[in-house]
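# Next comes the sequence, and after it the predicted model I'd like to discuss.
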Amino acid sequence: MCASIAFPPGGGAGNGANTASDGTYTISGLAPGTYNVTANPTCYGSTPSNYAAQTLTGVTVSAGATALNENFALVQGGFISGTVTFASGGAAAGVCINAYSSGGENDSNATTAS
């Protein structure tokens, strides 16, 4: 899987890491504070995956300590597909397509074939 990324709620500087072959991850270099941590198996659209991203909220990082057992159990996601065309006719190649949850979060994206 690509990345687990930690950002403070409301925005700000964060950091990320890729999972190892056994699924473990460690995100280092975080200032003490509270973070939202996202595991995104699609690497935000750059890697195909049948699994949906998941976010843990309110993960507390203390100075010199590791927040342990912040685990993810990814579930298989669904798919949306279709065709993008110009109103005047013809396929619209290279158009970015995004899916947002009802809460307004960007859950997935794709680009039409060229």
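Okay, I see it.
# all helices for the protein, in order.
Shown for the chain, no helices are assigned by DSSP state H.
# Low-confidence stretches in it?
Where the chain drops to pLDDT under 70, the residues are 1-5, 44-46, 103-114.
# what's residue 84 in contact with, if anything?
91, 92, 95, 97, 112 (Cβ atoms under 8 Å, 6 or more residues apart in numbering). (C-beta placed from N, C-alpha, C; glycine too.)
# how's the protein carved up into domains?
1-78, 79-114 (automatic domain parsing).
# what's the most buried one of the ones you listed?
domain 1-78 (a mean of 14; mean count of other Cβ atoms under 10 Å).
# Leaving out sequence neighbours, find the closest residue to residue 62.
residue 32 (5.6 Å; Cβ to Cβ, 6 or more residues apart in numbering).
# how much space between the one you found and residue 8?
11 Å (Cβ to Cβ, to the nearest Å).
# What of residue 56?
13 Å.
# Overlap in contacts, the two.
With Cβ under 8 Å, 6+ apart, residue 56 and residue 8 have common neighbours residue 36.
# got the contact list for residue 67?
59, 60, 61.
# okay, those residues in TSV with distance to residue 101 next?
Formatted as TSV, the contacts of residue 67 follow (distance: Cβ to Cβ, whole Å):
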residue	distance to residue 101
59	20
60	25
61	26
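# what about stretch 70-90, distance to the chain center?
14 Å (Cα atoms, centre = their mean, to the nearest Å).
# got the residue ranges for the strands in this protein?
Assigned by DSSP state E, the strands in the chain fall at 3-7, 15-18, 33-40, 54-61, 96-100, 106-111.
# Quick one: the ones you listed as TSV, columns for distance to residue 68 too.
TSV is the format used below for the strands of the chain (distance: least, Cβ to Cβ, whole Å):
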stretch	distance to residue 68
strand 3-7	14
strand 15-18	15
strand 33-40	13
strand 54-61	10
strand 96-100	32
strand 106-111	27
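# Compare those and give me the one nearest residue 87.
Smallest distance to residue 87 across the strands of the chain (Cβ to Cβ): 17.0 Å, for strand 96-100.
# Strand partners (parallel or antiparallel) of the closest one?
strand 106-111 (antiparallel) (DSSP bridges).
# All set, thanks.
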